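K.L.:
predicted model, plus sequence, below.
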Amino acid sequence: MISERKAKDRGRTDWGWLDSRHTFSFGEYFDQRQMGFRSLRVINDDRVQAGAGFGTHGHRDMEILSYVLEGALEHKDSTGGGGVIRPGEIQFMRAGTGVTHSEHNASKTEPVHFLQIWIVPDARGLAPRYDQQTFDAKAAREGFVRLAAQGGEGGAIELHQDVALWMTRLGAGDARVHALAPGRHAWLHVARGSLALNGHALEEGDGAAVSGEPQLELSGKGEAEALLFDLG
């Protein structure tokens, strides 16, 4: 079964300096039917104006990933973790027992477009942690690249949850297949461009929940970039 979540149906927060689209309930946007999928709790599609950002605020007991599509995002947190991430990188913060952090557009002249992803961990009170990695852009053009996984499998960012996050980039006519083991589920988010998932046409910002399917078959309709969550 594949259930689509269209970009136009997402929640929205517009504070002027921030334009955020919420795949699942977040902040002032609440929809009882959209509280996440499995352990995937948040996908926020954020655009932040030049020189602006989120001031210092706190989180706990959450696995938080940031994925930049355009521009540069600066992160600082109370563990001493921090850095600037750009397209081709992924950043991770384990909030665990409690972390304060800030995120700002690293540019004074250009906007930043990024995805913020929250995954509910399999245990509470974990030690906070920060990580930042570059992924293989060439490999993403040829197949799926693993960005994060339970236990850091394959050298990916370590997650404390039965989730593997993959990404791929497709051109027109490109095809990808990802097998789903029995009893597993998936969420696909189209970060940019357009593609087909098992025959379902999806555009930028669209998502889809997948259950009871033996595999995900992606085909590019043009240049496209997608994140695939393989979920227990």
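P.N.:
Right, received. Where do you want to start? Numbering: from 1, shown residues only.
K.L.:
count the neighbours of residue 138 for me.
P.N.:
9 (other CB atoms under 10 Å). (C-beta placed from N, C-alpha, C; glycine too.)
K.L.:
mind giving me the packing neighbours of the helix or strand where it lies?
P.N.:
Under the criterion of DSSP states H and E, residue 138 resides in helix 137-140. Here helix 137-140 touches strand 163-170, going by 3 or more CB pairs under 8 Å, 6 or more residues apart in numbering; DSSP states H and E.
K.L.:
other SSEs contacting the strand it packs on?
P.N.:
Counting contacts by 3+ CB pairs under 8 Å, 6+ apart, strand 163-170 is packed against helix 137-140, strand 145-150, strand 175-179, strand 185-197, strand 215-231.
K.L.:
by contact count, what packs against the fourth one?
P.N.:
It stands for strand 185-197. Packed against strand 185-197, as judged by 3+ CB pairs under 8 Å, 6+ apart, are the following elements: strand 63-70, strand 163-170, strand 200-203, strand 207-211, strand 215-231.
K.L.:
returning to that earlier point: CSV for the helices and strands packed on strand 163-170, including distance to residue 159 and mean pLDDT?
P.N.:
Output for those, formatted as CSV (distance: least, CB to CB, whole Å; pLDDT from 0 to 100):
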stretch, distance to residue 159, mean pLDDT
helix 137-140, 19, 95
strand 145-150, 5, 97
strand 175-179, 18, 97
strand 185-197, 14, 98
strand 215-231, 10, 97
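K.L.:
wait, which of these is closest to residue 207?
P.N.:
The minimum distance between residue 207 and the helices and strands packed on strand 163-170 falls on strand 185-197, with 4.8 Å, by CB to CB.
K.L.:
so for stretch 99-117, mean pLDDT?
P.N.:
The average pLDDT within stretch 99-117 is 89.
K.L.:
now do that stretch: distance to the chain's middle.
P.N.:
14 Å (CA atoms, centre = their mean, to the nearest Å).
K.L.:
how about that stretch: buried residues?
P.N.:
99, 101, 103-107, 111-117 (16 or more other CB atoms under 10 Å).
K.L.:
report the two of these separated the most.
P.N.:
Between all members of those, the farthest pair (by CB to CB) comes out as 99 and 111, at 25.9 Å.
K.L.:
how about the buried residues of stretch 99-117 in JSON lines, adding secondary structure and distance to residue 82?
P.N.:
Formatted as JSON lines, the buried residues of stretch 99-117 follow (DSSP: H, G, I helix; E, B strand; the rest coil; distance: CB to CB, whole Å):
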{"residue": "99", "secondary structure": "strand", "distance to residue 82": "12"}
{"residue": "101", "secondary structure": "strand", "distance to residue 82": "8"}
{"residue": "103", "secondary structure": "strand", "distance to residue 82": "10"}
{"residue": "104", "secondary structure": "strand", "distance to residue 82": "11"}
{"residue": "105", "secondary structure": "strand", "distance to residue 82": "15"}
{"residue": "106", "secondary structure": "coil", "distance to residue 82": "11"}
{"residue": "107", "secondary structure": "coil", "distance to residue 82": "17"}
{"residue": "111", "secondary structure": "coil", "distance to residue 82": "21"}
{"residue": "112", "secondary structure": "strand", "distance to residue 82": "16"}
{"residue": "113", "secondary structure": "strand", "distance to residue 82": "20"}
{"residue": "114", "secondary structure": "strand", "distance to residue 82": "16"}
{"residue": "115", "secondary structure": "strand", "distance to residue 82": "19"}
{"residue": "116", "secondary structure": "strand", "distance to residue 82": "16"}
{"residue": "117", "secondary structure": "strand", "distance to residue 82": "19"}
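K.L.:
if anything else comes up later, I'll come back, but that's it for now.
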